[in-house]
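**Student:** Following is a predicted model, sequence given first.
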Amino acid sequence: MAAAAPAGEPEVIRDKAAMRAWSRRQRAEGKTVVLVPTMGFLHEGHLSLVSAAAAVPGPVAVVVSIYVNPSQFAPTEDLATYPSDLAGDLRKLASTGAVHAVFNPPDLYHRGAAVSARRAAEAPSCLDAGGDGHETWIRVERLEKGLCGASRPVFFRGVATVVAKLFNVVEPDVAMFGKKDYQQWRLICRMVRDLDFAVEIVGSEIVREADGLAMSSRNVRLSPEEREKALSISRSLVNARTAALNNSNSASEHIKDQIVQTLTEAGGRVDYVETVEQESLVPVETIDRPVVICVAAWFGKVRLIDNIEIHIQS
Ligand SMILES: Nc1ncnc2c1ncn2[C@@H]1O[C@H](COP(=O)(O)OP(=O)(O)OP(=O)(O)O)[C@@H](O)[C@H]1O
Ligand SMILES: CC(C)(CO)[C@@H](O)C(=O)[O-]
Ligand code: BAL
């Protein structure tokens, strides 16, 4: 098996056609193109996806996309305050020695002829330029509904659509997603299956800070006090898994009550706590098969998500 060549400084590509041409050249040279989609402000969680990408067998060409996709944010959400640091991201990616290209498009959407540059940071609309803008959306109809989909109404429509666009532009053989965004990973797997995308999806394990907090770009917006309180998320999930493994057929409702109580006592505001089947994300009443407990909770103005898989054999 040939080892991948060291990557050196990644090439920064901003244009869709140039990105596609680059990928096609890599494939013509016999390389497996591996895409790591991100919204930037990179941390060790993202870099673990890069390591997993570099570890794909055979010669690989690793592309990291950095694009804050406006269409997955509702007008009330935090698009305007989403953190970014492109220079820092490029330094971090270069230091891995494993990234060959960074795809950083100014805008991925068709806005119509007469749209100003300001609009690149807004969700696209078919009303752009009098009806000449983007109007095609992918819906993964059932999987988009529960969990994060319940409180983020356009989120998964935006994610599925932008990921499909990234797949069409980059044409990767493999794409890496983090299990921190568990529903997102499962939904992308389903979209790829249903629409016959020729890409293998890999789900990569959650990377945590030493104290258990799941790494997330949004953690930077927590005050030190909020960050301390947010440790209740991972703590309650670990306790829930221990309880479920020690007691056969635990009731999901009971586990949920315990987690809600821990988060609330810590000062968090719970969005949801759900125990669901790992692939279908169907809620379960009893923990008697492989499940994942998913949590979203607010600490101050920051909404955090986390989850824990429990591998009970049915
Ligand atoms: N702690 C983590 N461990 C593993 N993968 C992660 C982690 N955090 C993010 N990822 C993955 O990195 C990819 C890009 O995610 P994104 O750029 O939105 O970062 P993020 O930290 O999840 O940001 P946010 O604060 O919006 O949740 C996604 O596939 C996501 O699941
Ligand atoms: C997959 C993704 C890059 C789509 O914008 C984003 O939702 C993310 O970073 O998880
Ligand atoms: N990692 C998910 C991106 C978002 O919350 O919009």
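**Tutor:** Done, it's in. Ligands and ions are numbered 1, 2, ... in the order given.

**Student:** Tell me which stretches of this protein form strands.
**Tutor:** Secondary structure of the chain (DSSP state E): strands at 11-13, 32-38, 60-66, 101-103, 174-178, 200-204, 250-251, 269-277, 286-287, 291-299, 302-310.

**Student:** so which of these gets nearest residue 142?
**Tutor:** Minimum separation from residue 142 across these (CB to CB) falls at strand 269-277, 12.0 Å. No exception for glycine: its C-beta is placed from N, CA and C like everyone else's.

**Student:** Which positions in the stretch 201-314 of the chain make contact with ligand 1?
**Tutor:** 204, 206, 207, 214, 215, 216, 217, 218 (CB under 6 Å from any ligand atom).

**Student:** Between those, which sits nearest residue 85?
**Tutor:** Closest to residue 85, out of all of those and judged by CB to CB, is residue 217, at 9.7 Å.

**Student:** what number of residues lie near the residue lying closest to the closest one once chain neighbours are set aside?
**Tutor:** Closest residue in space to residue 217, ignoring its immediate chain neighbours: residue 41 at 4.0 Å, by CB to CB, 6 or more residues apart in numbering. Residue 41 has 20 neighbours, counted by other CB atoms under 10 Å.

**Student:** What does residue 41 show for phi and psi?
**Tutor:** Dihedral angles of residue 41 (phi, psi; degrees, to the nearest 10) stand at phi 50, psi 60.

**Student:** Quick check: it vs ligand 3, distance?
**Tutor:** To ligand 3, residue 41 is 11 Å away according to CB to the nearest ligand atom, to the nearest Å.

**Student:** Equivalent analysis for residue 263, please.
**Tutor:** Residue 263 is 19 Å from ligand 3, by CB to the nearest ligand atom.

**Student:** isn't that residue right up against residue 235?
**Tutor:** No - applying CB atoms under 8 Å, one finds residue 263 not in contact with residue 235, separated by 9.5 Å.

**Student:** ok, those two, which is more surrounded?
**Tutor:** residue 263 (24 against 17).

**Student:** Do you know the pLDDT at residue 8?
**Tutor:** Model confidence at residue 8, expressed as pLDDT, equals 77.

**Student:** For it, which non-adjacent residue is spatially closest?
**Tutor:** Residue 8 sits nearest to residue 97 (CB to CB, 6+ apart), 7.0 Å away.

**Student:** again with residue 208
**Tutor:** The spatially closest residue to residue 208, leaving aside those adjacent along the chain, is residue 214, at 5.5 Å (CB to CB, 6+ apart).

**Student:** By mean pLDDT, show me the worst of the strands of the chain.
**Tutor:** strand 250-251 (a mean of 91).

**Student:** Quickly run through the sheet partners of that one, with directions.
**Tutor:** Partner strands for strand 250-251, per DSSP bridges, with pairing direction: strand 286-287 (antiparallel).

**Student:** The residue of the stretch 51-200 of the chain found nearest ligand 3: how many residues sit nearby?
**Tutor:** Proximity to ligand 3, evaluated over the stretch 51-200 of the chain using CB to the nearest ligand atom, is greatest for residue 181 at 4.6 Å. By other CB under 10 Å, the residues close to residue 181 number 19.

**Student:** How confident is the prediction for it, by pLDDT?
**Tutor:** 98.

**Student:** Now do the contacts for the closest residue to residue 136 other than its chain neighbours.
**Tutor:** Nearest in space to residue 136, with sequence neighbours left out and distances taken as CB to CB, 6+ apart, is residue 161 at 7.3 Å. Applying CB atoms under 8 Å, 6 or more residues apart in numbering, we find residue 161 in contact with 71, 136, 137, 138.

**Student:** ok, those residues vs residue 300, which is closest?
**Tutor:** Of the contacts of residue 161, the one sitting nearest to residue 300 (CB to CB) turns out to be residue 71, at 25.9 Å.

**Student:** follow-up on the earlier one: switch the strands of the chain over to CSV; also include distance to residue 258.
**Tutor:** Output for the strands of the chain, formatted as CSV (distance: least, CB to CB, whole Å):
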stretch, distance to residue 258
strand 11-13, 47
strand 32-38, 33
strand 60-66, 38
strand 101-103, 43
strand 174-178, 26
strand 200-204, 27
strand 250-251, 10
strand 269-277, 9
strand 286-287, 13
strand 291-299, 11
strand 302-310, 13
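
**Student:** ok, the one residue in the stretch 201-314 of the chain that gets nearest to ligand 2 - contacts?
**Tutor:** Closest to ligand 2 within the stretch 201-314 of the chain is residue 217: 8.2 Å, counting by CB to the nearest ligand atom. Counting by CB under 8 Å, 6+ apart, residue 217 makes contact with 39, 40, 41, 42, 43, 82, 83.
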